[in-house]
Every structure is written in C-alpha cells, then in structure tokens.
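# Build the 3D model from these lines:
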Amino acid sequence: SALIAQDDWVIIDGDAGVVIVDPPPVVLEQYRERQARMLRERKKLSKLKKTPAITKDGTEIALLANIELPQDCPAALEAGATGIGLFRSEFLFMGRAGYANRLPTEDEQFESYKMAVTAMKGRPVTIRTLDIGADKPMDNAEETALNPALGLRAIRYCLAEPQMFMAQLRAIL
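Residues are numbered from 1 along each chain as shown. Modelled structure (predicted):
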C-alpha cells in the first residue's frame, strides 16, 4: 500500500528533518502559523540588505558572496553582497558531459569571468583557480585516473597540467 495517498496533505519540515503525511488540523495550523512567522522575519531581515555592514565601533565589514557560475551574480547583488569573495571556477570545468568531456576553452572561461565582473558593476571579484579533487571530480577520464588521496588536487593538479592552468590564468587576466 502507498504511504501517501492521492490528495493527502504533506508537510516537509526541513529544519526538523521530518515529513508529516496527512497531518491533523491542529498540526497543519501550527505549521501555517510557523510559516507566516518565518515570512514576517524574512521580510524584516530583507530591510537590512541595503544597510551598510559596520560594527558598533565603526569598522566596515565586506559582505562578499561565493558563486559557482556567473549567473549567480544577480542573486548575490540582490542579497546585498558588496562583491564576490570566491568564484569557484571549477564549476566551469564540471558537468561537461554534453561537451564530449572537454575542458572549457580559454575563450569560454574568459567570457564567464567577464560576465561575472561585468555583473558585479565594479565591485571586487575574487576568482579561485581550478580546485578539483575527491569532493569535486571532473567528468573526464584523465581526472578520474588520478588519486586525490595522493595529494594531486587544487594547485598541485594545476601545476601538473601547465597548459590547462596557463589557459585559465590568461582567461582570468
């Protein structure tokens, strides 16, 4: 038998990590109140987005966003970021199965970096060079043959692949 029937109400509480199927009216009302409270809090907090980040003693704090792709820049600006603290460039190299598993060209990388810099309208953009390893494998056969446990990742990987690394540095410059 199915755990969830057609037309059942389902509450997914990501904070508590629970799913409540066909909740009784009192539980449904509690969650509606909780949702309304969270929306009110979010609305209050959204007013702070444009407030300068300054400590009580007058020290300015830069609120920088981390992005994976240049398309993330508008959301960073909308959230009130004063720049990009980390552009994770490895995401330009990952998930490229549709590109015959080839690395992004220097021009493709340049266009992505240019999009991010342009979107940030003069605010700082910090680009991290390729950081591929056990937690972020690329989709090509060369990389899967490497053993990240031996330490060939991040800058070590870049230094072992100078053509790829130099193309990335030229694109960034």
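
# Ranking helices and strands of the chain by mean pLDDT, which lands last?
helix 141-144 (a mean of 47; mean pLDDT, DSSP states H and E).

# Quick one: name whatever helix or strand follows that one.
helix 154-160 (DSSP states H and E).

# Return the list of helices and strands in contact with the very next helix or strand once past that following helix.
For helix 154-160, the following helix or strand on the C-terminal side (DSSP H and E) is helix 162-172. Contacts defined by 3 or more C-beta pairs under 8 Å, 6 or more residues apart in numbering; DSSP states H and E place helix 162-172 against helix 106-119, helix 154-160. The way it works is simple: take the backbone N, C-alpha and C, and place the C-beta from them, glycine included.

# if you set the cut-off to 10 Å instead, what comes out?
helix 90-93, helix 106-119, strand 125-128, helix 154-160 (3 or more C-beta pairs under 10 Å, 6 or more residues apart in numbering; DSSP states H and E).

# tell me the most buried of these?
Greatest average neighbour count among those goes to helix 90-93 (a mean of 19), per mean count of other C-beta atoms under 10 Å.

# Just give me the longest helix of this structure.
Secondary structure assigned by DSSP state H gives helix 25-46 as the longest helix of the chain.

# Quick check, pLDDT for residue 167.
For residue 167, the model assigns a pLDDT of 96.

# quick one: it from residue 111, how far?
13 Å (C-beta to C-beta, to the nearest Å).

# Are there residues contacting both of those two? Which ones?
104-105 (C-beta atoms under 10 Å, 6 or more residues apart in numbering).

# In this structure, where's the longest strand?
Using DSSP state E, we find that the single longest strand of the chain is strand 83-88.

# Show me what counts as buried in that one.
Of the residues in strand 83-88, 83-85, 87-88 count as buried by neighbour count, 16 or more other C-beta atoms under 10 Å.

# How about stretch 159-166?
161, 164-165.

# CA-only coordinates of the next helix or strand along the chain from the longest helix of the chain in PDB, if you can.
Per DSSP H and E, the first helix or strand lying C-terminal to helix 25-46 is strand 64-67. Extracted in PDB, the C-alpha atoms of strand 64-67 (Å, rounded to 0.1, in the frame of the first residue of the first chain):
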ATOM      1  CA  LEU A  64      31.100  39.000  -0.100                       C
ATOM      2  CA  ALA A  65      29.200  36.200  -1.800                       C
ATOM      3  CA  ASN A  66      30.600  32.900  -3.000                       C
ATOM      4  CA  ILE A  67      29.400  31.900  -6.500                       C
END
